[in-house]
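Q: Need a 3D model of the sequence below.
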Amino acid sequence: MSKGLIWATAEDLSRNRGRILSLYRQVLRALNSPDLPLNLAARLHRKAQARAIFMVAAEERSIHNIKDLIDVAEYSLSLLRKGEIPKYIQ
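A: Numbering: from 1, shown residues only. You can find the predicted model right below:
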């Protein structure tokens, strides 16, 4: 992303679009893991929360907030793959 700018340009947004979509899909897949201690209702609730977060973030134009979204998604994905539920989702 462009350094020193606060707002993302169209080029920044298009460059990160694939990465964010990939993280979104990976998070949804990780929530289906049988290693997580979730029943069906809780699993569907977590997936709905993830969808809502990514839908709201899709309108984001701040470079810093986009970076934060990517960092949080990667961190959450690492916890989900270990069979843990991230604290901020609970």
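Q: Verify the stated contact: residue 50 with residue 27.
A: Yes - the pair residue 50 / residue 27 is scored as a contact, 5.2 Å apart, by Cβ atoms under 8 Å. Every C-beta, even on glycine, is put in place using the N, C-alpha and C of the backbone.
Q: any idea which element the residue positioned nearest the centre of the chain lies in?
A: Geometric centre of the chain, nearest residue: residue 73, 3.6 Å, by Cα atoms, centre = their mean. Per DSSP states H and E: residue 73 is located in helix 63-81.
Q: for that helix, the distance to its chain's centre please.
A: Taking Cα atoms, centre = their mean, to the nearest Å, one finds the center of helix 63-81 at 6 Å from the center of the full chain.
Q: May I see the buried residues of it?
A: The neighbour-count check on helix 63-81 (16 or more other Cβ atoms under 10 Å) flags 63, 66, 69, 73, 76-77, 80 as buried.
Q: now do stretch 33-48
A: For stretch 33-48, by 16+ other Cβ under 10 Å, it's 36, 38, 46.
Q: Out of those residues, flag the one nearest to residue 20.
A: Residue 20 lies nearest to residue 46 out of the buried residues of stretch 33-48, by Cβ to Cβ, at 18.5 Å.
Q: now the closest residue in space to that closest one that isn't next to it in sequence: how far from residue 6?
A: Counting by Cβ to Cβ, 6 or more residues apart in numbering, residue 46 lies nearest to residue 31, which is 5.2 Å off, once chain neighbours are set aside. Noted for residue 31: a distance of 33 Å to residue 6, by Cβ to Cβ, to the nearest Å.
Q: more crowded one of those two?
A: Using other Cβ atoms under 10 Å, the more surrounded residue of residue 31 and residue 6 is residue 31, with 21 against 10.
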